[in-house]
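Colleague: coords please:
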Amino acid sequence: MATKDQRRRQLAREKFARQQQRRAEQHGRTRRRTVVLAAGLAVVLAAGAAVYASVGLSGDGREDAAAPDPSATSKAPDPCRKPAPGEPGTRQWKKEPALSVDRSAGYTMELRTTCGEIEVALDAAKAPHTVNSFNFLAGRGYFDHTRCHRLTEGSIFVLQCGDPKGTGEGGPGYTVPDENLKDSRLKGGVYPAGTVAMANRYQAGTGKGRDTGGSQFFLVYRDSQLPPDYTPFGRITGGTDVLKKIADAGAAPPDGNDNTAPNATVVIDKAVVRRS
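Modeller: Next comes the predicted model:
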């Protein structure tokens, strides 16, 4: 007989499957939307069939079938300060910028957020197109004043940022190829805590949506079960306490785009990429 904990996990898996079905239907209506975990977390239902869930998981952090309780997710105190004056940019580019980063050099991305500074060591050797794009966009203020629009708390533990629209649909107008998907650190279908990776529109069920990364990225604050479909291009070297503060504040219930926004006001006041 299944234990109570096993039953809760089974119900959560079934809920993930239903969420994926709804997102698949929505994808047909909004093709521009960037889904962080379009392939998502592989889970096995009672019948033994594998299904995949996208990043818009339950915002209450519980592995059960109950809908998020707004009273439990909306009252967490905001640990962050007010954003600096300014608005996200709207500029678009028709094609990926010419590759200009030095693959043999080290690069660092500094995210100055309303919650504190997060530092990321970028891997230009293994993900040159991605790092080159971030260097290009940061240099043009693309990430400045953008809100991190999604925080996930159930099985997948990530903070998603990089969309000037703040809806999960924004991007720079061009895409970059998937890179570094065979990184040795992605073992056993796990993106380890501290990983910084790209969002994309890849759908494992159809095999479509490769090479669709744009500007949206996610920071992994706890080991997360994910298939290796999302370009890992950096690792967090400073500011893990900032991420913990954001995660501890929790997430709001899903909005119309299945985004579970962090309760914390997480805005990137300034993003800077430097050659180190």
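Colleague: Quick check: chain neighbours aside, which residue is closest to Phe134?
Modeller: Val273 (5.8 Å; CB to CB, 6 or more residues apart in numbering). For glycine as for every other residue, the C-beta is placed from the backbone atoms N, C-alpha and C.
Colleague: Next: Glu96.
Modeller: Tyr174 (4.7 Å).
Colleague: who touches that neighbour in this structure?
Modeller: Tyr174 sits next to 93-97, 214 when contact means CB atoms under 8 Å, 6 or more residues apart in numbering.
Colleague: Filter the residues you listed down to the buried ones, ChimeraX style.
Modeller: Those of the contacts of Tyr174 that count as buried under 16 or more other CB atoms under 10 Å are selected in ChimeraX with:
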select :96,97,214
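Colleague: any chance of the contacts of Tyr174 in CSV, plus pLDDT and distance to Ala252?
Modeller: Listed next are the contacts of Tyr174 as CSV, based on pLDDT from 0 to 100; distance: CB to CB, whole Å:
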residue, pLDDT, distance to Ala252
Trp93, 98, 32
Lys94, 97, 35
Lys95, 97, 36
Glu96, 98, 34
Pro97, 98, 35
Gly214, 98, 24
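Colleague: quick one: which of the contacts of Tyr174 is nearest Ala204?
Modeller: Among the contacts of Tyr174, Gly214 lies closest to Ala204 (CB to CB), at 19.1 Å.
Colleague: quick one: contacts for the closest one?
Modeller: With CB under 8 Å, 6+ apart, Gly214 has these contacts: 34, 162, 170-172, 174-176, 199.
Colleague: repeat that with 6 Å
Modeller: By CB atoms under 6 Å, 6 or more residues apart in numbering, the contact set of Gly214 is 171-172, 175.
Colleague: Which members of those are classed as buried?
Modeller: 171-172, 175.
Colleague: looking at the chain, which helix or strand is least sure?
Modeller: Least confident helix or strand of the chain, by mean pLDDT, DSSP states H and E, is strand 50-53 with a mean of 31.
Colleague: what helix or strand is the residue nearest to Phe134 on?
Modeller: Per DSSP states H and E, Val273 falls inside strand 267-275.
Colleague: Make TSV out of the contacts of Tyr174 and add distance to Gly239.
Modeller: TSV is the format used below for the contacts of Tyr174 (distance: CB to CB, whole Å):
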residue	distance to Gly239
Trp93	29
Lys94	34
Lys95	32
Glu96	28
Pro97	27
Gly214	23
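Colleague: Return the distance of the residue nearest to Phe134 relative to Pro254.
Modeller: According to CB to CB, to the nearest Å, Val273 stands 32 Å off from Pro254.
Colleague: Name the residue in those two with the higher neighbour count.
Modeller: Val273 (21 against 18; other CB atoms under 10 Å).
Colleague: thinking again about what came up before, mind picking the one among the buried ones among the contacts of Gly214 that's closest to Val266?
Modeller: The closest of the buried ones among the contacts of Gly214 to Val266 turns out to be Gly171 (CB to CB; 19.1 Å).
Colleague: Now do the SS call for the closest one.
Modeller: Of the three states, Gly171 takes coil under DSSP: H, G, I helix; E, B strand; the rest coil.
Colleague: List phi and psi for the nearest residue to it once chain neighbours are set aside.
Modeller: Nearest residue to Gly171, sequence neighbours excluded (CB to CB, 6+ apart): Gly214, at 3.2 Å. Dihedral pair for Gly214: phi -130, psi -100, per degrees, to the nearest 10.
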